[in-house]
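Trainee: Predicted model follows, preceded by the sequence.
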Amino acid sequence: MNGSQRLVFLDLMRVIAMVMMILGHSFFDLVRPNYVDISQFPWNIWDFVRGLTAPVFLVVSGIVQVFANKRIEGKLPKEIVYKRLRTALLLIFLGYFLYFPVQKAFHIFFQSKNTLIPFFQVNILQLIGVTLIWVLFYFLVTKNNRQLGVVSLVTGIAIFVLTPVVHLVDWFKILPIWLAPYFSLEKGSYFTIFPFSGFLFLGIAFGTYLERFSLEERAEIIIKKGLEYGAILLPIGILTFFFINSFNFSFYDVFKANTGMSLIRLSLVLILLASLVWLYQKYLVNFPWIKQISLTLGKNSLFVYIVHLVILYGLPWYPSFASIYYRKFGIAESFALSFLVVIISFTLVFLYEKFMSERKLLKYYFKYGTITLLFLLLFI
């Protein structure tokens, strides 16, 4: 199995996570609240599955980081360091930009604290950006990927273990309003460093383990170890979840603050990944279009995330239908619109790839030209 084939099942996993993410975002922000109850079947099942989306994406991203950052004599080349740093900072910028509360940047200095709280909420873009800077630091201070794997494993475990403690602290009394949301869910953050950065670090640890094997062996290792580790972690996670719950801590969100749920989600991600790799090896490899779709969407996964948010919510200057008609639709209309958002988002990515893949200079100008335009719109 060649290198491109090796990446297909990882990208396919990302595609599945993207579909889950877009459908979840769209449906629950469009449907009237009185039509669904996430404490009742089948909405509780869907809500639980939605909780796997970010862990899937973060674990796979961690694995990919190991193979994307090639060392030369134990060190990362400067061009890779600068590229990863630019990417991380861009993600952080876009994470805040998409929720910018005013149309002109200088207006932000005249906003009340309550207006700024939603702006400083941490979503997946800021989380990945900050965590990638952390990961880059580990790449720079370690001499090889074996050391990187050990440090990442310890970091991931430490994040999971400390998560309940972190979520018992009132960070908004200790830290500035822009920093506290990285640790607290109280003001609306979706993805705090504890526990979600832990998934990426554990993905890196798994990636450094996979790197020891040949290309031909890695798929079998994912199947074997994914099922093995998943089967071990699942009962541990369940027991840990109920043990921590027995203390009746006043968590803002028990699913995100409880180490046991993080272990449960990690175990299910590993089992899903192993199952998907087996399914791809056994059957899906015979369908070339699956490979093409997976590779195209997989390498543009963050682009898909940004595009679907713009389609749903618009920009600071132009709100879209999910902002204007927030939770105003019935179940059928919400489903239809959700699938439409998926189709449009994926179509735009394929069009982008078609026109930009062989025009690297045009792709460069498009990327940085768009960022420059956004800056100008904010300041002019």
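Mentor: Noted; the coordinates are in hand.
Trainee: what comes up buried for the helix or strand where T155 lies?
Mentor: In this structure, T155 sits in helix 145-166 according to DSSP states H and E. Residues of helix 145-166 classed as buried by neighbour count (16 or more other Cβ atoms under 10 Å): 145, 148-149, 151-153, 155-156, 159-160, 163-164, 166. Glycine gets a C-beta too; all of them are placed from N, C-alpha and C.
Trainee: which strands and helices sit next to that helix?
Mentor: Helix 145-166 makes packing contacts with helix 53-68, helix 124-141, helix 193-210, helix 254-257, helix 259-282 when contacts are defined by 3 or more Cβ pairs under 8 Å, 6 or more residues apart in numbering; DSSP states H and E.
Trainee: Select, out of those, the one closest to W171.
Mentor: Nearest to W171, of all those, is helix 193-210, at 10.5 Å by Cβ to Cβ.
Trainee: pLDDT on the closest one, on average?
Mentor: If you average the pLDDT over helix 193-210, you get 97.
Trainee: Farthest pair within the buried residues of helix 145-166?
Mentor: Put simply, by Cβ to Cβ the two of the buried residues of helix 145-166 set farthest apart are N145 and P164, 30.8 Å from each other.
Trainee: ok, the residue nearest to V15 when sequence neighbours are not counted to L98 distance?
Mentor: With Cβ to Cβ, 6 or more residues apart in numbering as the criterion, V15 has its nearest non-adjacent residue at 4.9 Å, and that residue is L297. Relative to L98, L297 is positioned 20 Å away (criterion: Cβ to Cβ, to the nearest Å).
Trainee: who has more neighbours, these two?
Mentor: Under the neighbour definition other Cβ atoms under 10 Å, L297 and L98 were set side by side, and L297 has more, 22 against 17.
Trainee: circling back: save the helices and strands packed on helix 145-166 as JSON lines, and put in mean neighbour count too.
Mentor: Listed next are the helices and strands packed on helix 145-166 as JSON lines, based on neighbours: other Cβ atoms under 10 Å:
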{"stretch": "helix 53-68", "mean neighbour count": "23"}
{"stretch": "helix 124-141", "mean neighbour count": "19"}
{"stretch": "helix 193-210", "mean neighbour count": "25"}
{"stretch": "helix 254-257", "mean neighbour count": "19"}
{"stretch": "helix 259-282", "mean neighbour count": "21"}
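Trainee: To T87, which of those helices lies closest?
Mentor: Across the helices and strands packed on helix 145-166, the minimum distance to T87, taken as Cβ to Cβ, is reached by helix 124-141, at 6.8 Å.
Trainee: angle of the closest one against helix 53-68?
Mentor: Taking axes from the mean of the first three to the mean of the last three Cα atoms, to 10 degrees, one finds helix 124-141 and helix 53-68 inclined to each other by 30 degrees.
Trainee: Tell me which residues are up against helix 124-141.
Mentor: Identification of contacts with helix 124-141 by Cβ atoms under 8 Å, 6 or more residues apart in numbering yields 54, 57-58, 61-62, 65, 69, 71, 75-76, 81, 84-85, 87-92, 94-96, 98, 148, 151-152, 155, 182, 190-193, 196-197, 200-201, 204, 302, 305-306.
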